[in-house]
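**Q** predicted structure and sequence below. I'll ask about it afterward.
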Amino acid sequence: MCIMLLILLQMLLLVSCSPRRCDPGVRGLCRPTVEEKPKCADLLLSYCDDMSYTQTMFPNILGHKTREDAEVGAEYLLMSVIESLLGGQCNPDIRMLGCSVLAPRCEKDIVLKPCRSTCEAVRKKCSHAFDGIEMAWPYFLDCDRFFNGEEEGCYDPLEGLGAQQDEEDLENMDIIPPEDTASIMQFIYHSNAQMINILKKTEEQCPDIAKTYSIGRSMEGRELLVIEFSNNPGQHELLEPEIKYIGNMHGNEVMGRQLLIFLAQYLCSEYLHGNERIQTLINTTRIHILPSMNPDGYEVAVNGLQDTNDGDEEEGQRYSTWNIGRNNAQNVDLNRNFPDLTSIVYTRRRSKGYRTDHVPIPDFYWFGKVAPETYAVMKWIRSIPFVLSANFHAGDLVVSYPYDLSKHPLERNMFSPTPDDQVFKLLAKTYSTSHETMSNENAQCGSSRSHSEKGTVNGAQWSSITGSMQDFNYLHTNCFELTVELGCDKFPPEEELFIAWHENHEALITFLEAAHRGIKGIVKDEEGNGIKGVQISVRGIRHDITTAENGEYWRLLTPGIHIVTASAPGYTRAMKKIHLPPRMSTAGRVDFILQKSLLDTDMLEEEDTIPSMGSYDRFDPYNQYERYTQMADISQPREEREEKPWWWNYFVQPGGPAPTWLLKQF
């Protein structure tokens, strides 16, 4: 009986808890569900408040159900930062185009789609800006997907924008001062993508005098991009000297990188504005600028800087990145990675046939660790007849000149001059005295202070190193290179970039003009043909330069009286006495005509001693560089990391989906 009562109670409970059935006889029990139709609502998105309409509707074209859903999405976040990401380009076009999709126009409770033609015009105008920061064109600005043609009914989301901008231009025409060159420069640190974008834009702005080209790629595949300036870019012109600037060889020494970016913008802008000094310089000189030789190291340095910014550090500690990113991705110091030709010269300086020019690269060098950045720069140096060069570092405030390796038997720091010591001192002084403070002893900093003289120092006397780039330039080619240390802070705050440009820009230009010091000329045979490979010797200086194609040459010299000789196998020697007065603005023209003759026995004896050093043309004879890199990839597997652009962290939100549609490779 008890069991029956329990079963009955359970059944009653189940019946009472079950949902009530619809009974048409009971009023109100069977109420039908009615879904409310979306209606036009006020447009409340703050970054879209300047649209030509005031009402929108949710869900929007992308499916965001509410205004709150739209505001937390990566699409709206992109619209809020697009101006700063693109450096002010295409603003407000991109933002307003995006708003027309995120908050579409609503009239009489009907959503209107923006016009496809407007989208296509904006994409044509602005896609290069997205390419410049390595960002894909946003999916929600797909012109075929979210926009209508005129025949389908649409509206122009940029309606009134052109007229509004014209009115603002007219209002501000009288109060805006004339554009200053510096005002177009952004005195901030630029990512690798931004740097390349600036160089490409400079090329577009000055196509008649500027051209970009790549000399190779870094270990992690970043482009080593050069911009050149010339009145005939892309081609060498007869008797026009070639000069190069290289920055960021050490990835954490960033000031030179930024100054060279600014210099490229400055040269372009000033040429267009009719600056006679800049126009003369570019019309008579071919200038090559490589802002970053070590882009991989720069990325590590920037990331290291960001890491040190966490917490409540002191301002000075925020920039304590002394060694982070110095080396390349292989952990190779690029300024110790060039062939050590200085040691070869020191061991042979008492031998007959001893030379300090065009010293061949020894074969054993290729069996070592040759960084791809070093390899690319060596090939570049050998492919162009550079006359003068400077590479930019930081950690001191001084101009250093060769040799970098001490001639002391134990390689202790010791004054170790080249045969062209007087020329190098003059070149170093040219930069230091044109700099705002470098030649001032009170402004000097770092370890060079005890050895420097008016902001210049012999590299080996200051800090002896092997395998430096400036020693390689001098001993392997005709190029005279110096090292410019731009300050003791390797990664200074952005606020100091404008000051650094102000301190250095005159020195940068004056040093370029120094390529026109000394003499230049053409060596021809009796029939008027240029002779390649002729040695141009100066009495008292045991360092020759050789003629390039068409027999042209450039020889940097100090003012004074010099005896110059041109000699080549199979020709008689020709000699001239020249006088170079001080303050010459252009190189003196000294041509030679060589007559054919029997080989000079003295030259034969001299040439016989040179093959023991190898051949100058013997560049990577066993293809060891390629073999080494292949072996390194096999024997030293490194963890592959998917590299994201510098702006990626702006859009990654904890717990939210990653906006991979922003990535070009996705």
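**A** On my side now, so go ahead.

**Q** so C154 touches C115, yeah?
**A** Yes. With contact defined as Cβ atoms under 8 Å, C154 reaches C115; the gap is 4.0 Å. No exception for glycine: its C-beta is placed from N, CA and C like everyone else's.

**Q** poorly predicted segments of the stretch 151-300 of the chain, please.
**A** Counting by pLDDT under 70, the stretch 151-300 of the chain contains low-confidence ranges at 162-184.

**Q** could you redo the last one with a cut-off of 90?
**A** For the stretch 151-300 of the chain, the stretches flagged by pLDDT under 90 are 151-153, 159-188, 193-194, 197, 221.

**Q** re the thing from before, counting neighbours, go ahead and name the busier of C154 and C115.
**A** The neighbour comparison of C154 against C115 (other Cβ atoms under 10 Å) goes to C115, with 23 against 20.

**Q** quick revisit: shared neighbours, C154 and C115?
**A** Shared contacts of C154 and C115 (Cβ atoms under 8 Å, 6 or more residues apart in numbering): F147, N148.

**Q** E549: what's it in contact with?
**A** If you count contacts by Cβ under 8 Å, 6+ apart, then E549 has H236, P385, G530, K532 around it.

**Q** most neighbours among those residues, please name it.
**A** P385 (22 neighbours).

**Q** on that earlier part again, now, among the contacts of E549, which is nearest to P621?
**A** Ranked by distance to P621 (Cβ to Cβ), these are led by K532 at 21.7 Å.

**Q** without its sequence neighbours, what residue ends up closest to E253?
**A** Counting by Cβ to Cβ, 6 or more residues apart in numbering, E253 lies nearest to A394, which is 4.0 Å off, once chain neighbours are set aside.

**Q** does the one you found touch C488 like I think?
**A** Yes. The pair A394 / C488 is scored as a contact, 7.4 Å apart, by Cβ under 8 Å.

**Q** so for the two, which residue has more residues nearby?
**A** Ranked by neighbour count (other Cβ under 10 Å), A394 and C488 place A394 first, with 24 against 15.

**Q** give me every residue that touches that one.
**A** H250, E253, V254, M255, G256, E485, L486, G487, C488, D489, K490.

**Q** now it: how far from S464?
**A** Look at A394 and S464: by Cβ to Cβ, to the nearest Å, they are 20 Å apart.

**Q** what's the answer for G395, then?
**A** G395 is 16 Å from S464, by Cβ to Cβ.

**Q** next: E549.
**A** The gap separating E549 from S464 is 36 Å, by Cβ to Cβ.

**Q** Three-state assignment for K576, please.
**A** strand (DSSP: H, G, I helix; E, B strand; the rest coil).

**Q** and it, how close does it get to G588?
**A** From K576 to G588 the distance is 10 Å (Cβ to Cβ).

**Q** compare these two (neighbour count), which wins?
**A** Neighbours were counted for K576 and for G588 using other Cβ under 10 Å; G588 has more, 18 against 14.

**Q** if the closest residue to the more buried one other than its chain neighbours is in a bridge, with which residues?
**A** Nearest residue to G588, sequence neighbours excluded (Cβ to Cβ, 6+ apart): I519, at 4.6 Å. On the basis of DSSP bridges, I519 is bridged to R555, G588.

**Q** mind checking pLDDT for I519?
**A** With respect to pLDDT, I519 scores 97.

**Q** and the one 10 residues further on, by the same measure?
**A** Note for N529: predicted pLDDT of 96.

**Q** so what does I196 look like in phi/psi?
**A** Main-chain torsions, I196, degrees, to the nearest 10: phi -60, psi -40.

**Q** which residues sit in contact with it?
**A** Going by Cβ under 8 Å, 6+ apart, I196 touches G132, E223, L225.

**Q** now do the SS call for the last one.
**A** Same thing as L225. Put simply, L225 is strand when judged by three-state DSSP.

**Q** count of neighbours near it?
**A** Using other Cβ under 10 Å: L225 sits among 21 other residues.

**Q** what about stretch 330-344, start to end distance?
**A** Using Cα to Cα, to the nearest Å, the end-to-end distance of stretch 330-344 comes to 27 Å.

**Q** contacting residues around it?
**A** With contact meaning Cβ under 8 Å, 6+ apart, stretch 330-344 is reached by 219, 249-250, 293-294, 326-328, 359, 361-362, 365, 369-371, 373-374, 378, 393, 403-405, 465-469, 471-472, 475-476, 613, 632.

**Q** stretch 56-72: end-to-end distance?
**A** 17 Å.

**Q** still on that earlier bit, and the residue nearest to E253, how far is that from N504?
**A** From A394 to N504 the distance is 12 Å (Cβ to Cβ).

**Q** that concludes my questions; thank you for your assistance.
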